[in-house]
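# Give me a model of this one.
(one chain, ligands or ions: 1)
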Amino acid sequence: MSESTRHESLHDEVVRVARDLIRLDTTNAREPGLGNETLCAEYLAGYLSSYGVECELVAREAHRANLVARIPEASTGSTGGGAAESLAFVGHTDVVPCDPRDWTHPPFEAVLDDDGWLWGRGAVDMKDEVAARAVAMAELARSGFRPSGDLWFLAVADEEDGFADVGMRWLLEERTDIRPDHSINEGGGERLVLSDGRQVVGLSVGEKGTLPVTVTAVGEAGHASVPTLGNNAVPLLARLIPRLGNGMPEPAATPMVTAMLSALLGRDEPDLSRAVAEAEALHPSLRGSISALMGSTLAPTMLAGSNKRNVMPGRASVEVDCRILPGTTQADVEAQVRALLGDDLAYELSWPEAIVEASSSPFGGPVPDAVAAFLAAEEDPATVLPTMCTGFTDSNYLRAAAGTAAYGFSPFRSTPVEVLDAGYHNANERVHVDDLLLSTRFHIDLAQRILGG
Ligand SMILES: [Zn+2]
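From the prediction side, this is the model:
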């Protein structure tokens with residue numbers, strides 16, 4: 001069979017698997033009976049086991065199973081050397097809710113249009129990547145791949161909400177044998193065509209954490225018929241909020257920011273503010289995103305005052321969404337907020353939720369090296385841009401439980417970043433099918449580079 005014929009069939013295969021997955025409604029929301037990720041886990045287990053891949057469904061709730069699949073380390077008969085390194089392909093099988101009335105094509109019909117666009121809920125988050133990783137597993141197994149260490153495929157439930165705790169966090173606690181050294185998950189691979197014509201693709205090396213803080217202005221209650229009575233906390237709060245400014249941290253050359261700037265500018269620019277301004281001007285999607293990685297961001301979102309119109313409240317509060325870098329503590333955030341608010345108005349701080357620590361993996365190492373090598377081998381004009389997600393992914397749990405060097409990457413060459421961003425958690429989610437094959441080929445290449453065979 002010729003090379004092009006083989007790729008053609010792999011193309012058809014990954015499109016079929018992606019469409020099948022999209023048609024399984026695994027909407028995740030906090031309502032009984034939702035999730036149903038077992039549909040995807042069973043489908044994938046049936047598909048992969050037909051090619052000899054070890055498959056197991058691991059479920060805390062019967063309808064919300066995780067798939068654990070593996071091509072085990074080939075025994076070499078050698079007794080020397082250290083433990084072989086292992087790799088995990090990672091994805092989640094749940095999707096966020098959608099309203100079909102907002103869609104051009106029904107979200108669970110997996111319509112493939114004449115221009116090669118596959119439409120549906122999960123087309124980019126992330127049944128596309130789940131399909132590519134599954135087909136890569138199948139192709140490796142069919143071709144007799146004998147990895148030097150375990151190759152895992154973890155297709156897990158409940159990433160988008162997490163409240164039920166039936167997905168990755170629970171799975172890693174339950175199954176202490178799943179401790180991959182390296183992993184590849186969602187969160188990167190988007191392609192930016194910069195204003196000077198150069199191209200970069202994002203490689204996600206970490207996720208910011210969260211530590212929301214509530215600021216409560218403290219005054220004295222009074223009857224609203226005489227506004228000068230007491231000390232209404234609402235106007236006090238209205239004076240405090242602007243002191244948070246634009247919510248961006250002070251400029252600081254963190255390792256992440258330094259790596260991003262050198263990848264974007266291609267040179268060392270000693271003036272940090274100038275470097276950030278220049279780099280963020282290279283693409284609309286970069287605007288603000290480098291600045292936000294310099295420290296803790298503060299975005300006031302939820303307001304609470306009086307619950308009765310004729311009562312001026314003694315307390316009024318704002319909940320501030322705060323995203324933190326690895327290593328940031330509650331004391332750090334408190335010091336930052338108090339410095340901004342000053343000490344001339346009475347207020348209290350409280351912490352409505354426990355800290356979710358940020359985590360990150362090294363910019364270098366086997367997975368980043370393999371990503372760069374794949375781009376070079378493809379004669380792709382893009383270079384790698386290390387990035388950090390401002391949201392959350394299951395990579396956090398892998399780093400915490402297993403010390404995994406966990407990354408987000410799946411290459412997109414035919415789906416513009418504008419299309420990715422527009423569909424993400426939104427209506428009319430779609431992916432170009434050429435990227436399904438590209439991602440499949442990337443994952444085969446990644447396993448071969450890291451696990452030999
Ligand atoms: Zn996702």
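
# Which single residue in this structure comes nearest to the ion?
Proximity of the chain to the ion (C-beta to the ion) peaks at D125, 4.2 Å away. Just so you know, the C-beta spots here come from the backbone N, C-alpha and C atoms, and that holds for glycine as well.

# And that residue, what's its pLDDT?
The confidence metric pLDDT takes the value 96 at D125.

# show me the contacts for it.
95-96, 186, 423-425, 429 (C-beta atoms under 8 Å, 6 or more residues apart in numbering).

# now with 10 Å?
Contact partners of D125, counting by C-beta atoms under 10 Å, 6 or more residues apart in numbering, are 92, 94-96, 159-160, 186, 420, 423-426, 429, 431.

# same check, this time on Y397
90, 156, 159, 162, 167-173, 359, 404, 406.

# The same query, at a cut-off of 7 Å, please.
168-169, 172 (C-beta atoms under 7 Å, 6 or more residues apart in numbering).

# Just the ones in helices from these, please.
Among the contacts of Y397, DSSP state H puts 168-169, 172 in helices.

# possible to save those as JSON lines with pLDDT, distance to V53 and neighbour count?
Formatted as JSON lines, the ones in helices among the contacts of Y397 follow (pLDDT from 0 to 100; distance: C-beta to C-beta, whole Å; neighbours: other C-beta atoms under 10 Å):
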{"residue": "M168", "pLDDT": "97", "distance to V53": "20", "neighbour count": "26"}
{"residue": "R169", "pLDDT": "96", "distance to V53": "24", "neighbour count": "19"}
{"residue": "L172", "pLDDT": "98", "distance to V53": "20", "neighbour count": "20"}
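
# The ion next: which of those are close?
Here nothing survives when the ones in helices among the contacts of Y397 are matched to the ion using C-beta under 5 Å from the ion.

# quick check, nearest of those to A259?
M168 (26.4 Å; C-beta to C-beta).

# Skipping adjacent residues, who's closest to that closest one in space?
Closest residue to M168 apart from its sequence neighbours, by C-beta to C-beta, 6 or more residues apart in numbering: D394 at 4.0 Å.

# That neighbour and L349, how far apart?
Counting by C-beta to C-beta, to the nearest Å, the gap from D394 to L349 is 31 Å.

# Of these two, which one has the most company?
Neighbour totals were compared for D394 and L349, and D394 leads with 27 against 16 (other C-beta atoms under 10 Å).

# List phi and psi for the more buried one.
phi -70, psi -10 (degrees, to the nearest 10).

# Determine the set of other helices and strands touching the one helix or strand L48 maps to.
Per DSSP states H and E, L48 falls inside helix 38-49. If you count contacts as 3 or more C-beta pairs under 7 Å, 6 or more residues apart in numbering; DSSP states H and E, helix 38-49 packs onto helix 3-23, strand 54-58, strand 66-71, helix 127-142, strand 151-156.

# would a markdown table of these with mean neighbour count and distance to N36 be doable?
Converted to a markdown table, the helices and strands packed on helix 38-49 look like this (neighbours: other C-beta atoms under 10 Å; distance: least, C-beta to C-beta, whole Å):
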| stretch | mean neighbour count | distance to N36 |
| --- | --- | --- |
| helix 3-23 | 17 | 12 |
| strand 54-58 | 17 | 13 |
| strand 66-71 | 25 | 13 |
| helix 127-142 | 26 | 14 |
| strand 151-156 | 27 | 14 |
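
# The residue nearest to M168 touches W170, doesn't it?
No - D394 is beyond contact range of W170, at 11.1 Å (criterion: C-beta atoms under 7 Å).

# Go ahead and name everything in contact with the helix or strand containing L240.
Using DSSP H and E, L240 falls within helix 233-240. Helix 233-240 is contacted by residues 215, 217-219, 305, 312-316, 318, 341, 345, 347 when judged by C-beta under 7 Å, 6+ apart.

# now do stretch 344-352
Stretch 344-352 is touched from outside by 212-218, 236, 239-240, 319, 330, 334, 337, 341, with contacts defined as C-beta under 7 Å, 6+ apart.

# which of those residues tops the neighbour count?
A217 (27 neighbours).

# mind listing the strands for the stretch 251-400 of the chain?
Taking DSSP state E, counting those that start in this stretch as the test, the strands found in the stretch 251-400 of the chain are 297-304, 311-312, 315-324, 347-350, 359-360, 383-389.

# Now these in a markdown table, please, with extra columns for mean pLDDT and distance to the ion.
Listed next are the strands of the stretch 251-400 of the chain as a markdown table, based on pLDDT from 0 to 100; distance: least, C-beta to the ion, whole Å:
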| stretch | mean pLDDT | distance to the ion |
| --- | --- | --- |
| strand 297-304 | 96 | 21 |
| strand 311-312 | 96 | 44 |
| strand 315-324 | 97 | 17 |
| strand 347-350 | 98 | 31 |
| strand 359-360 | 96 | 17 |
| strand 383-389 | 95 | 10 |
